[in-house]
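**Q** Mind folding the following:
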Amino acid sequence: MRRPRALVLDEVWRGLDGVEPLSGPQGGPLRRTVKLILDPLVIRPVQHPQCAGPIVTPDGARLLATRVHAATDVLRATAAWFTLLKQVRRTLRITEGNPQDLYFQRCYELATTMGMPDPAQGRATAEATLRDVHEFAAGRTTTALKEYITEGSQIRELVGLIDVAWRRRPAGATTADHRAQFTALLDACAAARLGQHRDRDDNGQAGFDRLVKTNAGTHSGIELWHQDCVPSAHQLGLTVRPAPQPPALGTSASTSTLGLPFDRTIYERVFTALQASSDRAELPPIPDLVTIEIARSCSPWALLDESLRVAAAAGTELALGLSPIGDPAQRTDFNQPTQATQPDDRARPNHSAQPDHSSQPDHSARPDSETQPHSPAQPVVADVADGRPRDNQSPAQTAAHRVINGRWQREAYVLQARRLVVSAAGAGSRAGPLADIAAELRTPWRPYLRRLWVRLHGRDVRETAVYDPNELWDLLDGVARSVMLDHRMRVKQALSLSSRAPEADSTESRAS
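**A** Alright, predicted model coming up:
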């Protein structure tokens, strides 16, 4: 019988001993253990397709278990090295970065080459490893950032730079409607990936180049500065304000309290860039990072590269056609007044707070939740260019929409959540993790666009442009997969908690 891969892996992991430092409170593998050690170094699903995917066959489950058990000694040694590195880290008073992100793979390397830590030489090896890891920062640390950005005279200068950059923004956007070109680009991207090549447009390359050349991304970003833009930046879930405001300088940051993309302070934006960088020496010095970020945050889409602005606009066109619950009657009419943002509408903790510097899917995103009124009338989606609502079944539903919607609608958690979104009143009468996810499924463009912006911002910091439709599709499709997998993980956690708390509200238990 086919079984969920995560469940099989959890059962296998709980049968191991000596791996507690790599395990969560309930005994299963940590999320980062799976992402950084088990998948890329032990299971290797790309080389062993039977172990890949959310559901595995009996043969796939046996192969997965075999590979994990075969690596038991290395995993125990990895856990021992991780414990030792954390002890030495405290001795050296190192506070930079997340130890799991920085050390997990290095510990696996040490375990593979040296086995268990040697009682005599282990601490020296651990110290050398830590210094090697942290010297890559080359002075580009969050501590250096805080010292630079909070110095008295520096504050006045930087605030002045923000004011000048905000006042010098482009005054207005072109009146040209590029929506048809973005629609054609999305269609070509998905068709090319599906093998349905379009000779008439070079598989989308000509259309992509045309959009970049005409600065279509820049113009779409300029529109979002205006409160009367439909849909607005607030409606897209990019800011809690009616329209974007000048960024604050900021003096602190935490991945658990990061603001929405257009609301993040300069400190938060640079902080996330540093936290996500595996080799900070490649980044500009801290003063340059801050100055460039000020210019970036006051630019259209809060991005500097035109190809990334085009990617953001194309992603918006894609996001507005997403319908994971498969019920277009639940779509929002952006021309209707919106409710106030809920208090918990902030970026959730996890890797969604970190910029992504690649075009590959990152399955660690964590989307946000925000409630909007839903029109029971004929479904409409606002035209990004001129505010006219368009029918949800219009030709704007491209091959890209069909691919992603089809995949999303097959998710088991979507079928569970659909019962919570039969009517607006039904969804509003429940609370809890499943209801939060159900609300996000009714406004799927919000978590999607937030995650997309994080990735684009990371690429912009690294000066990594998008050059062709294939790369664009990897980026857009990867964001969708990331949001789906994050929802799946949150549903799993909610079900796990409900199974351990029989006294929990019966309504939520039934919904799960």
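**Q** what sits against the residue in the chain sticking out farthest from the centre?
**A** Distance from the C-alpha centroid of the chain, by C-alpha atoms, centre = their mean, peaks at residue 120 (42.8 Å). The contact partners of residue 120, by C-beta atoms under 8 Å, 6 or more residues apart in numbering, come to none. C-beta coordinates here come from the backbone N, C-alpha and C atoms, glycine included.
**Q** per-domain residue ranges of the protein.
**A** Domains of the chain are assigned by automatic domain parsing as 1-135, 169-246+298-506.
**Q** Please tabulate those domains in CSV, including the columns distance to residue 144.
**A** Listed next are the domains of the chain as CSV, based on distance: least, C-beta to C-beta, whole Å:
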stretch, distance to residue 144
domain 1-135, 10
domain 169-246+298-506, 16
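**Q** Single out the most deeply packed of those.
**A** Greatest average neighbour count among the domains of the chain goes to domain 169-246+298-506 (a mean of 19), per mean count of other C-beta atoms under 10 Å.
**Q** Show me the shaky parts of the stretch 1-150 of the chain.
**A** 136-138 (pLDDT under 70).
**Q** Break down it into its strands, ranges please.
**A** Using DSSP state E, counting those that start in this stretch, the strands found in the stretch 1-150 of the chain span residues 3-4, 55-56.
**Q** What does the residue farthest from the centre of the chain show for phi and psi?
**A** phi -90, psi -40 (degrees, to the nearest 10).
**Q** Out of the domains of the chain, the one nearest residue 263 is which?
**A** domain 169-246+298-506 (5.2 Å; C-beta to C-beta).
**Q** pLDDT (mean, whole number) over that closest one?
**A** For domain 169-246+298-506, mean pLDDT is 72.
**Q** Start the count at 19 instead of 1 going forward.
**A** That works, and once the first residue is 19, the last one we named lands at domain 187-264+316-524.
**Q** and residue 273, helix, strand or coil?
**A** Under DSSP: H, G, I helix; E, B strand; the rest coil, the three-state class of residue 273 is coil.
**Q** and it, how many residues sit next to it?
**A** Residues contacting residue 273 under the criterion other C-beta atoms under 10 Å number 19.
**Q** Residue 287 is nearest to which of the domains of the chain?
**A** domain 187-264+316-524 (7.2 Å).
**Q** where's residue 176, which helix or strand?
**A** Using DSSP states H and E, residue 176 falls within helix 170-185.
**Q** got the CA coordinates for that helix in CSV?
**A** C-alpha atoms of helix 170-185 as CSV (Å, rounded to 0.1, in the frame of the first residue of the first chain):
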residue,chain,number,x,y,z
GLY,A,170,24.5,58.3,15.9
SER,A,171,25.8,60.4,13.0
GLN,A,172,25.3,57.5,10.6
ILE,A,173,21.6,57.3,11.4
ARG,A,174,21.0,60.9,10.3
GLU,A,175,22.9,60.3,7.0
LEU,A,176,21.1,57.1,6.2
VAL,A,177,17.6,58.5,7.0
GLY,A,178,18.5,61.4,4.7
LEU,A,179,19.4,59.0,1.9
ILE,A,180,16.1,57.2,2.3
ASP,A,181,14.2,60.5,2.0
VAL,A,182,16.1,61.5,-1.1
ALA,A,183,15.7,58.1,-2.8
TRP,A,184,12.0,58.1,-2.0
ARG,A,185,11.4,61.6,-3.4
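**Q** Show me which positions of it end up buried.
**A** Burial within helix 170-185, assessed by neighbour count using 16 or more other C-beta atoms under 10 Å, is assigned to 176, 179-180, 183-184.
**Q** If you count contacts, what does that helix end up packed against?
**A** helix 160-167, helix 304-315 (3 or more C-beta pairs under 8 Å, 6 or more residues apart in numbering; DSSP states H and E).
**Q** Mean neighbour count and distance to residue 478 added to the ones you listed, as CSV?
**A** Putting the helices and strands packed on helix 170-185 into CSV (neighbours: other C-beta atoms under 10 Å; distance: least, C-beta to C-beta, whole Å) gives the following:
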stretch, mean neighbour count, distance to residue 478
helix 160-167, 17, 18
helix 304-315, 19, 6
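**Q** Make TSV from those helices and add distance to residue 429 to it.
**A** Listed next are the helices and strands packed on helix 170-185 as TSV, based on distance: least, C-beta to C-beta, whole Å:
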stretch	distance to residue 429
helix 160-167	36
helix 304-315	35
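**Q** related to what we said a few turns ago, any chance of the strands of the stretch 19-168 of the chain in CSV with distance to residue 60 as columns?
**A** Converted to CSV, the strands of the stretch 19-168 of the chain look like this (distance: least, C-beta to C-beta, whole Å):
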stretch, distance to residue 60
strand 21-22, 18
strand 73-74, 15
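**Q** Relative to residue 238, which of these is closest?
**A** Closest among the strands of the stretch 19-168 of the chain, using C-beta to C-beta: strand 73-74, at 38.6 Å.
**Q** Sheet partners, orientation included, of the closest one?
**A** strand 21-22 (antiparallel) (DSSP bridges).
**Q** so residue 494 sits right up against residue 333, yeah?
**A** Yes: contact criterion C-beta atoms under 8 Å: residue 494 and residue 333 qualify, at 5.5 Å.
**Q** Can you work out which residues contact both of those two?
**A** By C-beta under 8 Å, 6+ apart, the residues touching both residue 494 and residue 333 are residue 470.
**Q** Who are the contact partners of the residue lying closest to residue 319 once chain neighbours are set aside?
**A** In space, and not counting its chain neighbours, residue 319 is closest to residue 239: 3.7 Å by C-beta to C-beta, 6 or more residues apart in numbering. Counting by C-beta under 8 Å, 6+ apart, residue 239 makes contact with 317-319, 321, 327, 330-331.
**Q** Please identify the helix or strand for residue 239.
**A** Per DSSP H and E: helix 234-241 holds residue 239.
**Q** What's the first helix or strand after that helix?
**A** helix 284-294.
**Q** and the angle for that next one with helix 304-315?
**A** 110 degrees (axes from the mean of the first three to the mean of the last three C-alpha atoms, to 10 degrees).
**Q** can you give me the strands for the stretch 269-418 of the chain?
**A** 398-400, 407-409.
**Q** for the chain, which helix is longest?
**A** In the chain, with assignment by DSSP state H, the single longest helix is helix 487-518.
**Q** list the helices and strands that one packs on?
**A** Using 3+ C-beta pairs under 8 Å, 6+ apart: helix 487-518 touches helix 197-211, helix 223-231, helix 324-337, helix 417-427, helix 430-436, helix 451-460, helix 463-479.
**Q** how about these, which one is nearest residue 147?
**A** Across the helices and strands packed on helix 487-518, closest to residue 147 is helix 463-479 (C-beta to C-beta), at 26.1 Å.
**Q** Would you mind getting the angle between that closest one and helix 487-518?
**A** Using the same axes, to 10 degrees: helix 463-479 against helix 487-518 is 130 degrees.
**Q** that older thread, the residue nearest to residue 319 and residue 69: what is the separation?
**A** As judged by C-beta to C-beta, to the nearest Å, residue 239 and residue 69 stand 42 Å apart.
**Q** Next: residue 78.
**A** Residue 78 is 5 Å from residue 69, by C-beta to C-beta.
**Q** Show me the common contact partners of these two, please.
**A** With C-beta under 8 Å, 6+ apart as the test, residue 78 and residue 69 both reach residue 23.
**Q** circling back: how far away from the center of its chain is the helix holding residue 176?
**A** Helix 170-185 sits 30 Å away from the centroid of its parent chain (C-alpha atoms, centre = their mean, to the nearest Å).
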